[in-house]
Structures are given as structure tokens and as C-alpha cells.
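Q: Below are the sequence and a predicted model; questions follow.
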There are 2 protein chains.
Amino acid sequence: MCADITDLAQALRNAGLRATQQRTVLLSILMESADHPNADELYARAKTIDDSVSLATVYRTLSALEEAGLVRKLSFENEPSRFEITPVAEHDHLIDIDSGEVIELSSDEITRLRQEMVERMGYEILSQHTLIRARKKPG
Amino acid sequence: MCADITDLAQALRNAGLRATQQRTVLLSILMESADHPNADELYARAKTIDDSVSLATVYRTLSALEEAGLVRKLSFENEPSRFEITPVAEHDHLIDIDSGEVIELSSDEITRLRQEMVERMGYEILSQHTLIRARKKPG
DNA sequence: CTCATTGCAAATTCTTTGCATAAGG
DNA sequence: CCTTATGCAAAGAATTTGCAATGAG
């Protein structure tokens, strides 16, 4: 949970990326972010730690981290992409359309079902993600 | 399958929308599009029928149709939004990342499982959609 | 007739890129 | 050192909006 800078730098190098100041900061922020921040939010948070980071670097870093498999990009409707550390356990997202809150849903059984269905069709899954738009029931 | 112009106009009015020339054309194109076109593609197709439609109207119409529940907007990663007539039977999408082809997956069982899970949490589902990125297995 | 809808062009929003400088290994 | 990454500012892509003209009911 509380990875130190050295660990992060190592994680970056293991992923084949240079462990720059900016990447380390961004990765640490993502790891301690329970929500699913977008690029602007990450940029704002990063600047409180390292005033020099630019938004361009945030985007470039997110692309690099995604390509390396360390980060997952989430495309919600009508809003900028959000990002999260690649989850160990597969999970989906429910967005409360009234509050905007994003809730993670684990979905082992569903994941297995989908996997079977898709494999029967002759495909292998690279990634899968379900987005549910929902509203709290009254009462 | 082969709805005529009158039906379309009526469908629009039933949804509380004025049945304009442009909306009727766009709705008819969507109904006969087996793929999942984006705004630009719809614009191009619409112009072959009615040269006067503008891209702005395509966007405005799609918003209106979506709000009215006639159309579903699909947010794929790294590409403009695509649109489809709101499906009668719930289904998800698999995108072949090599060919770009989009395949519809029906998912009755999975839909039911998700529904139960979410209801147990005290939410009611407004929409749900799964996007699977996959690649054809060799052989 | 009256108000919603349209086309056009300009504006926004999110994201990417070119280039000279800085910094990782 | 040598290359890759960075910041900045400018470019780009997708989508939205203001406004005067048009068209549906």
C-alpha cells in the first residue's frame, strides 16, 4: 500500500521505462488515489508535489504507463478519460449519475462467463470493462 | 426492418420531438446501419440523401435521440463516439483490435447477474454496457 | 403565427505534437 | 555522453454553441 520512491522507480524500470521524477510522482499519486482521476485532476495533484510537471507530461506518462500495462484507462461517456492502477482483480464500474460517484464492482463470475463466450467465438480477451450507469433506489 | 418515412416521423413525435427532415433522415440511416457509425460517418451518409444537413445538426440530433431513448451512444477508447438504435435485447460489444470490426454480443445471463448484484447494492440500472477488446486466436 | 430547429462559423474541450532544453542510466 | 523525457506553446480532433434564418405544427 505504502510503496516508497525506490519501489516505484523500480516498478517503472521493470516496465521498461526510465524512472523520471515526473513519472514517479504521477505513479505514486495514482497508487494513493482511491477515486479514478482524469488527466487534469492528476495534473493538479502532481503540481502540489512537484510544481514543474506539465499537463503534456501527464498525458505522455499516462500513455506510457498504459502501454506498459501499469495503468488502465477508462472511457466514460461525456467526460474526459479517467485512469486507475491496473487492477489485480478484474472489476467493473458503476457510476452514480446523480452524484457522479464511481463505485468499483468486482465481477469474478461475470468475467468468467464472458471469457468463455468470447473464447468459443475464437477470440482471446485483451481487456474487458463494463460501465453501469445507475441511480440510488428510493427508500 | 423497412420502416417508411411516416413511421419514423411518428416515432419521433412519440418521443416528444419535432419530426424534421434532418431527424427523419438521420433516424432512417441509423436504422439501416448494421455497423456502429460515428457522427462523421452519419454525416457523410446523411449528405447522400439530404445535401443540406450539417454536422452540428448530426450532433444535436444524436443528443436529442439519445435523451429520448431512441439511440444509444457508445464510448470506445481512443476514437469518436459511435451510435446505434437502442437495442431491444441488451447486448455488449467486442472490438477486434486488429481489424477494428465491432461485434455485438448478446448477454442475457450476464445482464441478469449484473442486475441482481447492483440491485442488492440499492441501485437501479439505467444502462449498462461492456466493451471487450480482443484479438482472434491463431488457428 | 410561434417557437423549436437549423446551418454556419466560431468557440470549447480534451489530447497530441514539434522543438529546444534538461536529465536518466 | 547519448538518448529519452520534459516544458512550452501551438496544433489537432471531437464536440458544442451563438446567432440569424427557416420550417414544423
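A: Arrived safely.

Q: domains in chain A, as residue ranges please.
A: The record's domain parsing of chain A by automatic domain parsing lists A:5-85, A:92-134.

Q: tell me, which of these is the model least confident about?
A: Among the domains of chain A, domain A:92-134 has the lowest mean pLDDT, at a mean of 91.

Q: Run the contact check for that one versus chain B.
A: Yes. Interface with chain B: domain A:92-134 contributes A:92, A:94, A:96-97, A:103, A:105, A:107, A:109-110, A:113-114, A:117-119, A:121-134 (Cβ under 8 Å from any Cβ of the partner chain). Just so you know, the C-beta spots here come from the backbone N, C-alpha and C atoms, and that holds for glycine as well.

Q: Could you tell me which of the residues you listed are located in strands?
A: Cross-referencing the residues of domain A:92-134 next to chain B against strands under DSSP state E gives A:92, A:94, A:96, A:103, A:105, A:123-134.

Q: Of those, which are in range of DNA strand D?
A: Among those, proximity to DNA strand D is found for none (Cβ under 7 Å from any atom of the strand).

Q: Pick out the residue of chain A closest to DNA strand D.
A: With Cβ to the nearest atom of the strand, the shortest gap between chain A and DNA strand D falls at A:T57, namely 2.9 Å.

Q: How about that residue, nearest residue that isn't a chain neighbour?
A: Distances taken as Cβ to Cβ, 6 or more residues apart in numbering or on different chains place A:Q22 nearest to A:T57, at 5.1 Å, with adjacent residues excluded.

Q: Go through the strand or helix carrying the one you found and flag the buried ones.
A: Under the criterion of DSSP states H and E, A:Q22 resides in helix A:21-32. Within helix A:21-32, the residues scored as buried using 16 or more other Cβ atoms under 10 Å in any protein chain shown are A:Q22, A:R23, A:T24, A:V25, A:L26, A:L27, A:S28, A:I29, A:L30, A:M31.

Q: got the angle for the helix or strand just after that helix vs helix A:21-32?
A: Heading C-terminal from helix A:21-32, the first helix or strand you meet, by DSSP H and E, is helix A:39-49. On the basis of axes from the mean of the first three to the mean of the last three Cα atoms, to 10 degrees, helix A:39-49 is oriented at 110 degrees to helix A:21-32.
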